[in-house]
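A.B. asks: Sharing a model that was predicted from the sequence below.
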Amino acid sequence: MGFKVKVSHHVGTIQCFQLLPYQCERPNTRVSPVTHTVPILSVAGIMFNTGMGQHILKNPLIVNGIIEKAALRPTDVVLEVGPGTGNMTVKLLEKSKKVVACELDSRLVAELQKRVQCTPMQTKLQILVGDVLKTDLPFFDVCVANLPYQISSPFVFKLLLHRPFFRCAVLMFQREFAMRLVAPPGDKLYCRLSINTQLLARVDHLMKVGKNNFRPPPKVESSVVRIEPKNPPPPVNFQEWDGLVRIAFVRKNKTLNAAFKSTAVEQLLEKNYRIHCSVHNVVIPADFSITKKIESVLQEAGFCEKRARSMDIDDFMVLLHAFNSAGIHFS
């Protein structure tokens, strides 16, 4: 792994290259935008910038542990995001049929080429040059990635909505982000990210990675998480689901009755309700009140006094069905 993918860059062309052993890994760090590169550390002639989250992983046991948790098969195609100079990539190539590595930094792409030139691994590696968030992902069985902090959330959902389904993803995140992914209802870190991820996948926390495992040490701790998408996916319109969950978690400690009293929320739901009635030829009474309509749905479903912080997936499924049955939609 290693090297932070920068979100704002263009997507490059697809090229086929390869890799030989090296040492360049980096954990996730909260970073500020940088407009120039400040060399901090040189390893084998490459200058690394800690301001961009470039750190070297000292502990090879973590690399081996991540690969072990991925449970690779000889027939697997592996997607690796942020391969850096290829420490992880070489080991992935040894255990899989093919590795597709997505890398943005042209210097590191050149290193990847060097590491596999004139080796049996050369034909097994494909490099996608560009921003992973803007790249159409190819078919893959397993994803392995050490993600930059600022793209963690969009990348997770890009993965979970990717088709065809992959078997699993083993990803390293900033510790707090990882704990949000696995947080259960009632936990202080339980949030919209938690329930949306857990709706679409099984999520397990695999290991903590302390900052002292890296040189120089980053400012944050990291964790490795395994994500296994649910196949088949749950029978729910995800846009509708996310619209409901978004409203509920804006103030997750408030009762739902209070959360739905926002003017912006009422305006949105009334607009959607009127569209629904128009499409289905439903006459809307002259004295119609969206406030009363919402209250009646919450009351009848028994959710007036419930709070998002303690509601699980089944609770939200029941609530979404109640709203939809009453003609209220969220997308």
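C.D. replies: Nice, I can see it.
A.B. asks: Which stretches in the stretch 1-150 of the chain count as helices?
C.D. replies: Secondary structure of the stretch 1-150 of the chain by DSSP state H, counting those that start in this stretch: the helices cover 60-70, 87-95, 106-116.
A.B. asks: Any stretches of this protein with poor pLDDT?
C.D. replies: 1-58, 215-216 (pLDDT under 70).
A.B. asks: Pull the contacting residues for residue 233.
C.D. replies: residue 200 (CB atoms under 8 Å, 6 or more residues apart in numbering). Quick note: C-beta positions are derived from backbone N, CA and C, even for glycine.
A.B. asks: now swap in the one 4 residues further on and tell me
C.D. replies: For residue 237, the residues meeting the contact criterion (CB under 8 Å, 6+ apart) are residue 331.
A.B. asks: Check the helices of the stretch 1-150 of the chain for me and report the most buried one.
C.D. replies: helix 87-95 (a mean of 23; mean count of other CB atoms under 10 Å).
A.B. asks: Show me what it is packed up against.
C.D. replies: helix 60-70, strand 77-81, strand 98-103, helix 106-116, strand 142-146 (3 or more CB pairs under 8 Å, 6 or more residues apart in numbering; DSSP states H and E).
A.B. asks: Report all helices and strands that the last one contacts.
C.D. replies: Spelled out, it's strand 142-146. Strand 142-146 packs on helix 60-70, strand 77-81, helix 87-95, strand 168-174, going by 3+ CB pairs under 8 Å, 6+ apart.
A.B. asks: show me where the stretch 201-331 of the chain has strands.
C.D. replies: 201-209, 214-215, 222-229 (DSSP state E, counting those that start in this stretch).
A.B. asks: Tabulate the CA atom coordinates of the last one in PDB.
C.D. replies: The C-alpha atoms that make up strand 222-229 are tabulated as PDB, following Å, rounded to 0.1, in the frame of the first residue of the first chain:
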ATOM      1  CA  SER A 222      -5.300   3.200  12.400                       C
ATOM      2  CA  SER A 223      -7.400   0.100  12.200                       C
ATOM      3  CA  VAL A 224      -8.000  -2.600   9.600                       C
ATOM      4  CA  VAL A 225     -11.600  -3.600   8.800                       C
ATOM      5  CA  ARG A 226     -13.100  -6.400   6.700                       C
ATOM      6  CA  ILE A 227     -16.200  -5.600   4.700                       C
ATOM      7  CA  GLU A 228     -18.300  -8.400   3.100                       C
ATOM      8  CA  PRO A 229     -21.200  -7.200   0.900                       C
END
